[in-house]
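Engineer: Need the 3D shape of this:
(4 chains)
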There are 2 protein chains.
Amino acid sequence: MAMTPSTPSAPSTSSPLTAPSGTAERIASTLRRQITAGEHPPGTRLSEEMLGARLQISRNTLREAFRLLSHDGLLMHELHRGVFVREPNEADLIDVFHLRRVLECGVVRSLTRLGPERLTPLTDAVLAGQSAAERDTWHEVGTANIDFHQALVALGGSRRADDTIRRLLAEVRLFFHVFPDPRELFEPFLKRNAMLVDMLERGDMTAAADALETYLRDSENHVLQAYRRQPVDAGGRR
Amino acid sequence: MAMTPSTPSAPSTSSPLTAPSGTAERIASTLRRQITAGEHPPGTRLSEEMLGARLQISRNTLREAFRLLSHDGLLMHELHRGVFVREPNEADLIDVFHLRRVLECGVVRSLTRLGPERLTPLTDAVLAGQSAAERDTWHEVGTANIDFHQALVALGGSRRADDTIRRLLAEVRLFFHVFPDPRELFEPFLKRNAMLVDMLERGDMTAAADALETYLRDSENHVLQAYRRQPVDAGGRR
DNA sequence: GCATATTTGTCCGTATGTATA
DNA sequence: CTATACATACGGACAAATATG
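Structural biologist: I've put the predicted structure just below:
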């Protein structure tokens, strides 16, 4: 009901490689927000008929939106069975963090000195995270943390690297919904984000890359421990 | 009807993240082969109606195949204008090689000692390249070279890294069709591929990563020089 | 194990909006 | 500026596969 009557802008869609294709893109954006917001938890089957009625679009257009989202790694498509919100397992988690280390650290290591105005997206994300932490809205802290890493890779200026990290971070978002208390996951890293910005500001890229390496390794361990402590128990299917 | 009555297997589709969705996937595979083979050179516009008639499928299914291929970076989708075979420019080339260095070197650097049986795909690609070079079929040399780098990243065992490098190498393939004589591009690197395998066999991963770094830098310069020497002049559009 | 019902996969035809000649 | 061509989005239809009783 109601349901985003206009969606006038989608202001900084940051479409690095994909041109906005109108309705399908807009629907995909809506679904992405719903999924990352916790609606449709991992494992949920997304019925074409039901969603098509709720979103007031035809099945064909909805299927195209599904394609876009499974391309982002948020949905999984099974032949003749439908699309499901992806529920990443432990192997996925390890794989995602492995590639994140390679990508993020590699990008940082190959950075050259950059002006302070380039760092404003970073500092913005740090401030947003701290502000959300003070307000105890830990879901926003997670979002700010993801924005931070997105902005970090964006420093490299590579459209393809941006696209890759965006997919990886979308999967990371899915993990959040497995944990009841995301506070323990993000709190230790709020300070480390700020420290990273400092190193980048000083132009010490190798130090930043090394710090980021251990940063991500610690983060992976944190998430992994929480994941093992918390049996999944999502939709029950599979 | 009629229409490829069997297609019994699609034997090693190597579907890393995308589940084969039947017709659309099959059509995408066909188009991918045609594009990499030089049919539909870069800049060509792929009309839905024309291709739909040629391939005997509906526009809806064809559009799904287009989505898959533009997700691979082979096609470019422009709103209300259609899909075009991508014609990478100089900036794309630099971007692709930048990310290749980060990804391939990062994967190699993070490798642990591995048994010789893991290296057989590498040696196979090297042998295929040498064999093709002796037969003067330089297009096959390029394919073998791409297979080599695909297998190199596959050593890391990361599905997502495989997926990423596959997209990047698909774009590299597009560059091949810009050059009339790909020999000068690949000949110098036949030997260096073999040398890389040696280093990996000895377990000296940092040496291999460093060598790969300069390897890719040289390769980028080679391709860049040839690109600047050879005015593109593909479809003429844009 | 079998028959039924639901859902997806594929296709067609049409109306509308956009870009190009 | 007008007209044509094309992509976009829609709705409906049937076949195929899966899930359910």
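Engineer: quick one: the residue nearest to residue A:179 when sequence neighbours are not counted and residue A:93, what's the gap?
Structural biologist: For residue A:179, ignoring the flanking residues on the chain, the nearest one in space by CB to CB, 6 or more residues apart in numbering or on different chains is residue A:226 at 5.5 Å. Heads up, the C-betas are built off the backbone N, CA and C, glycines and all. Counting by CB to CB, to the nearest Å, the separation of residue A:226 from residue A:93 is 10 Å.
Engineer: Also residue A:190?
Structural biologist: For residue A:190, the distance to residue A:93 equals 21 Å [CB to CB].
Engineer: give me every residue that touches residue A:219.
Structural biologist: Shown in contact with residue A:219 (CB atoms under 8 Å, 6 or more residues apart in numbering or on different chains): A:97, A:185, A:189.
Engineer: secondary structure class for it?
Structural biologist: Classification of residue A:219 by DSSP: H, G, I helix; E, B strand; the rest coil places it in helix.
Engineer: and if you look at residue A:57?
Structural biologist: coil.
Engineer: Based on its surroundings, how many neighbours for it?
Structural biologist: By other CB atoms under 10 Å in any protein chain shown, the residues close to residue A:57 number 17.
Engineer: In which helix or strand does residue A:107 reside?
Structural biologist: helix A:106-109 (DSSP states H and E).
Engineer: Packing partners of the helix or strand that that helix is followed by?
Structural biologist: Using DSSP H and E, the helix or strand that follows helix A:106-109 in sequence is helix A:120-134. Packed against helix A:120-134 by the contact rule (3 or more CB pairs under 8 Å, 6 or more residues apart in numbering or on different chains; DSSP states H and E) you find helix A:138-154, helix A:183-202.
Engineer: In which helix or strand does residue A:40 reside?
Structural biologist: Assessed by DSSP H and E, residue A:40 sits outside every helix and strand.
Engineer: Count the neighbours of it for me.
Structural biologist: Neighbours of residue A:40 (other CB under 10 Å): 20.
Engineer: Could you do residue A:208 as well?
Structural biologist: 24.
Engineer: Which residues are in contact with it?
Structural biologist: Contact partners of residue A:208, counting by CB under 8 Å, 6+ apart, are A:108, A:196, A:199-200.
Engineer: who's in contact with the helix holding residue A:107?
Structural biologist: Contacts for helix A:106-109 (CB under 8 Å, 6+ apart): A:152-153, A:155-156, A:158, A:161, A:200, A:205-206, A:208-209, A:212, B:101-103, B:105-106.
Engineer: Using PyMOL, make a named selection holding only the buried ones among these.
Structural biologist: Typed into PyMOL, the next command selects the buried ones out of the contacts of helix A:106-109 (criterion: 16 or more other CB atoms under 10 Å in any protein chain shown):
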select buried, (chain A and resi 152+153+155+156+158+161+200+205+208+209+212) or (chain B and resi 101+102+103+105+106)
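Engineer: Give the members of the contacts of helix A:106-109 that are also in contact with DNA strand D.
Structural biologist: When the contacts of helix A:106-109 are checked against DNA strand D using CB under 7 Å from any atom of the strand, none falls in range.
Engineer: Show me which residues of chain A are close to DNA strand C?
Structural biologist: Within reach of DNA strand C by CB under 7 Å from any atom of the strand, chain A has these residues: A:45-49, A:59-60, A:63, A:77, A:79-82.
Engineer: could you pick out which of those are near chain B?
Structural biologist: Among the residues of chain A next to DNA strand C, the residues within reach of chain B (CB under 8 Å from any CB of the partner chain) are A:60, A:63, A:77, A:79.
Engineer: and the second one, what element?
Structural biologist: The reference is to residue A:63. Taking DSSP H and E as the definition, residue A:63 sits inside helix A:59-71.
Engineer: Okay, now the sheet partners of the helix or strand just after that helix, with direction.
Structural biologist: Sequence-wise, the next helix or strand downstream of helix A:59-71 (DSSP H and E) is strand A:75-78. Applying DSSP bridges, strand A:75-78 is found paired with strand A:82-85 (antiparallel).
Engineer: now the angle from the helix or strand that the partner strand is followed by to helix A:138-154?
Structural biologist: Once the chain leaves strand A:82-85, the next helix or strand it forms, by DSSP H and E, is helix A:90-100. Inter-element angle recorded for helix A:90-100 and helix A:138-154: 40 degrees (by axes from the mean of the first three to the mean of the last three CA atoms, to 10 degrees).
Engineer: Name the residues of helix A:90-100 that come out as buried.
Structural biologist: A:92-93, A:95-100.
Engineer: give me the number of residues near residue A:29?
Structural biologist: 18.
Engineer: Please report how far it lies from residue A:165.
Structural biologist: To residue A:165, residue A:29 is 18 Å away according to CB to CB.
Engineer: same check, this time on residue A:137
Structural biologist: Separation of residue A:137 from residue A:165 (CB to CB): 24 Å.
Engineer: quick one, which of these two is more surrounded?
Structural biologist: residue A:165 (24 against 13).
Engineer: before we move on, which element is that one in?
Structural biologist: helix A:159-176.
Engineer: near chain B, anything from that helix?
Structural biologist: Yes. Applying CB under 8 Å from any CB, one finds that helix A:159-176 is in contact with chain B at A:159-161, A:164, A:167-168.
Engineer: and that helix, C-alpha only, in CSV?
Structural biologist: Extracted C-alpha coordinates of helix A:159-176, given in CSV (Å, rounded to 0.1, in the frame of the first residue of the first chain):
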residue,chain,number,x,y,z
ARG,A,159,34.5,1.9,-12.2
ARG,A,160,35.0,-1.8,-12.3
ALA,A,161,36.4,-1.9,-8.8
ASP,A,162,33.5,0.1,-7.6
ASP,A,163,31.1,-2.3,-9.2
THR,A,164,32.9,-5.3,-7.7
ILE,A,165,33.0,-4.0,-4.1
ARG,A,166,29.4,-2.9,-4.4
ARG,A,167,28.4,-6.5,-5.1
LEU,A,168,30.5,-7.8,-2.3
LEU,A,169,29.2,-5.3,0.2
ALA,A,170,25.6,-6.1,-0.8
GLU,A,171,26.3,-9.7,0.3
VAL,A,172,27.8,-8.4,3.5
ARG,A,173,24.6,-6.6,4.2
LEU,A,174,22.8,-9.9,4.0
PHE,A,175,24.9,-11.2,6.9
PHE,A,176,23.7,-8.5,9.1
